[in-house]
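Visitor: Sharing a sequence plus its predicted fold:
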Amino acid sequence: MLLGMIVLLLALLRHTRLGPFLHERIADRPRRRLFVASMSFFLTFAIVRGMVFCIRHQIPPFHYMIMGGRHVHHLVPGILILLAVGYGWLCEFGTGSDSSSILASIFMSILYGVGAALTLDEFALWLNLKDVYFVREGRSSIDAVILFGSLLAVGGWGAPLFSALGKGTTKANH
C-alpha cells in the first residue's frame, strides 16, 4: 500500500500539472523537497494508522508483519528507509548539487517522509520498550508526529510566508 502511495505521488508530481505548479510556486529546490516530504509524511501516517486500525479490528487483508515468529514493528522498515535516504543524500543523490534529476530529488523526499512517519508513529515504543500503541502512553507517538510534521510543514509551506513577512512584503503593502 505504501509503495502504491509512493508511485501515485511520483506520478502526480511528474505527469500532471501539479509538478510544474509546485516548481513555479516553490522555486527553491530544498523547500520543494521539504514540501514533498511533509506531504508523504502526513499521508503515510494516515495510511499506517488506518492499516493498524484494520489489523486491530481484524479487517482483511491487513495483518501484522511476522518474521520467524516475531512481530516486526513498522518502525523497523522506517529506520531502514531513513538509513537508505541518509546514505543517498550523503552520496548527494537527489540533492540537486550535481546533475541528479528532479525525479530523484522527489523520490528521495517521498522516501524520507515515509521513513520518518513509519518511525515516529511508533515513537512511544522507543520510550517504553513495549507496545503501547493504543493506550495512554501511546499518545507520545502522536505528539512526536505532530511536532516533526509541523517542522516539515513550516519548512516547506511556511518559509515563503515567513520570508515575505520578514521583508514586509504582503498584499496589504502593495
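Guide: Perfect, I can see it now.

Visitor: Tell me which stretches of the protein form helices.
Guide: 2-15, 18-25, 29-56, 75-90, 102-120, 123-128, 139-153, 159-167 (DSSP state H).

Visitor: Tell me which of the ones you listed sits most buried.
Guide: Among those, helix 102-120 has the highest mean neighbour count (mean count of other C-beta atoms under 10 Å), at a mean of 23. Where you see a C-beta, it was placed from the backbone N, CA and C, and this is true even at glycine.

Visitor: so it versus helix 18-25, what angle?
Guide: 90 degrees (axes from the mean of the first three to the mean of the last three C-alpha atoms, to 10 degrees).

Visitor: what angle do helix 102-120 and helix 75-90 make?
Guide: 150 degrees.

Visitor: chain center to helix 102-120, what's the gap?
Guide: Taking C-alpha atoms, centre = their mean, to the nearest Å, one finds the center of helix 102-120 at 6 Å from the center of the full chain.

Visitor: I'd like the average pLDDT over it.
Guide: Averaged across helix 102-120, pLDDT comes to 91.

Visitor: Show me what it packs onto, helices and strands only.
Guide: helix 2-15, helix 29-56, helix 75-90, helix 139-153 (3 or more C-beta pairs under 8 Å, 6 or more residues apart in numbering; DSSP states H and E).

Visitor: low-scoring stretches of this structure, by residue?
Guide: Scanning the chain with the threshold set as pLDDT under 70 gives 1-2, 97-100, 158-174.

Visitor: again, 80 this time
Guide: Filtered on pLDDT under 80, the chain yields the residue ranges 1-15, 18-29, 96-100, 102, 127-135, 138, 155-174.

Visitor: can you redo the helices and strands packed on helix 102-120 as a markdown table with distance to residue 121?
Guide: Output for the helices and strands packed on helix 102-120, formatted as a markdown table (distance: least, C-beta to C-beta, whole Å):
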| stretch | distance to residue 121 |
| --- | --- |
| helix 2-15 | 12 |
| helix 29-56 | 5 |
| helix 75-90 | 7 |
| helix 139-153 | 6 |
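
Visitor: looking at these, which is closest to residue 22?
Guide: helix 29-56 (6.1 Å; C-beta to C-beta).

Visitor: pretty sure residue 133 is touching residue 52, no?
Guide: Yes - counting by C-beta atoms under 8 Å, residue 133 does reach residue 52; the two are 6.8 Å apart.

Visitor: what do those two both touch?
Guide: Counting by C-beta atoms under 8 Å, 6 or more residues apart in numbering, residue 133 and residue 52 have no contacts in common.
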